[in-house]
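K.L.:
coordinates only, no sequence provided:
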Ligand SMILES: Nc1ncnc2c1ncn2[C@@H]1O[C@H](COP(=O)(O)OP(=O)(O)O)[C@@H](O)[C@H]1O
Ligand SMILES: [Mg+2]
């Protein structure tokens, strides 16, 4: 399944597909950064409700977007996680810099 | 139980999911938990991505994966014949990356260490890199 991108004002909501790995992050990164560079997007929400797998490349993508939008006053939030995704996020330590809305 | 398999495929990012899913389905005979499967997938994905991104630097090459099952332990060997690593100890430090502008988190080796029981990295500059990971699957 593909990533689905939605806009809500200056917030970009990314419904991440089945996997967030290096293969997927390459294209996703370009799509996000184009919108941020045009000044359309300031805040980013990653929705993991339909995602089963994420590895260190996914963490790299989130960290990279954080570095890009936080100087502009933007925020990263994460919604719809499951135990597998939450484990990776916690072990990586990025939950300290992003807002996580835990569903369960 | 003893069992083994070998996979050989082109270095391409689209093969990252193929590799981790194939290894995971080989391990299923040890009756792992969902968490153990997820751990193995994360480790394999990191090792294979490193071959694609660093070993072959997105150029052509062949990646080999060998898996051995002995009793309740899985051994996974991921190998490339790419550029190799100058200083392995340094490369394994958390957050260390030689490609920061490509937004590597530098957590690949750390995740392999955390999610597997053991990790061995052998490399020679100009010859390639071999990563050996082991994990015991607890019998329930
Ligand atoms: N297969 C490989 N071939 C060559 N260099 C590698 C390989 N795997 C890892 N490295 C080196 O080790 C560093 C750390 O790897 P890793 O922890 O996975 O972080 P990242 O992939 O995010 O850079 C890499 O930046 C690279 O310099
Ligand atoms: Mg890596």
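P.N.:
Thanks, I have it. Just so you know, these numbers come straight off a predicted model, no measurement behind them. Numbering: from 1, shown residues only, chains lettered A, B, ... in the order given. Ligands and ions are numbered 1, 2, ... in the order given.

K.L.:
ok, the most centrally placed residue in chain A - contacts?
P.N.:
In chain A, the residue lying closest to the centroid (CA atoms, centre = their mean) is residue A:46, at 3.8 Å. Residue A:46 is in contact with A:14, A:16, A:62, A:76-79, counting by CB atoms under 8 Å, 6 or more residues apart in numbering or on different chains. C-beta here means a position set from N, CA and C on the backbone, and glycine is covered the same way.

K.L.:
tell me the residues of chain B that contact chain A?
P.N.:
Neighbours of chain A within chain B, by CB under 8 Å from any CB of the partner chain: B:13-14, B:16-17, B:20, B:34-35, B:38, B:41-42, B:45-46, B:49, B:52-53, B:103-105, B:107-108, B:110-111, B:114.

K.L.:
so which bits of chain A are right by chain B?
P.N.:
Within reach of chain B by CB under 8 Å from any CB, chain A has these residues: A:19, A:21-23, A:25-26, A:29, A:53, A:55-57, A:59-61, A:63-64, A:83-84, A:87-88, A:91-92.

K.L.:
residue ranges of the helices in chain B, please?
P.N.:
Under the criterion DSSP state H, helices of chain B are mapped to B:15-27, B:34-50, B:88-91, B:108-115.

K.L.:
of all the ones you listed, which one is nearest residue A:39?
P.N.:
Of all those, helix B:34-50 sits nearest to residue A:39, with 32.1 Å by CB to CB.

K.L.:
pull out the buried residues from the closest one.
P.N.:
The neighbour-count check on helix B:34-50 (16 or more other CB atoms under 10 Å in any protein chain shown) flags B:36-50 as buried.

K.L.:
so which of the residues you listed comes closest to residue B:69?
P.N.:
Residue B:69 lies nearest to residue B:40 out of the buried residues of helix B:34-50, by CB to CB, at 12.1 Å.

K.L.:
contacting residues for that closest one?
P.N.:
Residue B:40 neighbours (CB under 8 Å, 6+ apart): B:20, B:23-24, B:27, B:32, B:74, B:76, B:115-116, B:135.

K.L.:
of these - the most surrounded one?
P.N.:
Among these, the one with the most neighbours (other CB atoms under 10 Å in any protein chain shown) is residue B:20, at 27 neighbours.

K.L.:
buried only: go through the residues of chain A next to chain B for me.
P.N.:
Buried members of the residues of chain A next to chain B, scored by 16+ other CB under 10 Å, are A:19, A:21-23, A:25, A:29, A:53, A:55-57, A:59-61, A:63-64, A:84, A:87-88, A:91-92.

K.L.:
ok, residue A:18 touching residue A:49?
P.N.:
No. Using CB atoms under 8 Å, residue A:18 is not in contact with residue A:49, being 11.6 Å away.

K.L.:
as a check, name the ranges of all helices in chain A.
P.N.:
For chain A, the helices defined by DSSP H occupy A:22-37, A:56-69, A:83-92.

K.L.:
so which of the helices of chain B is nearest ligand 2?
P.N.:
helix B:108-115 (2.5 Å; CB to the ion).

K.L.:
what's the angle between the closest one and helix A:56-69?
P.N.:
On the basis of axes from the mean of the first three to the mean of the last three CA atoms, to 10 degrees, helix B:108-115 is oriented at 130 degrees to helix A:56-69.
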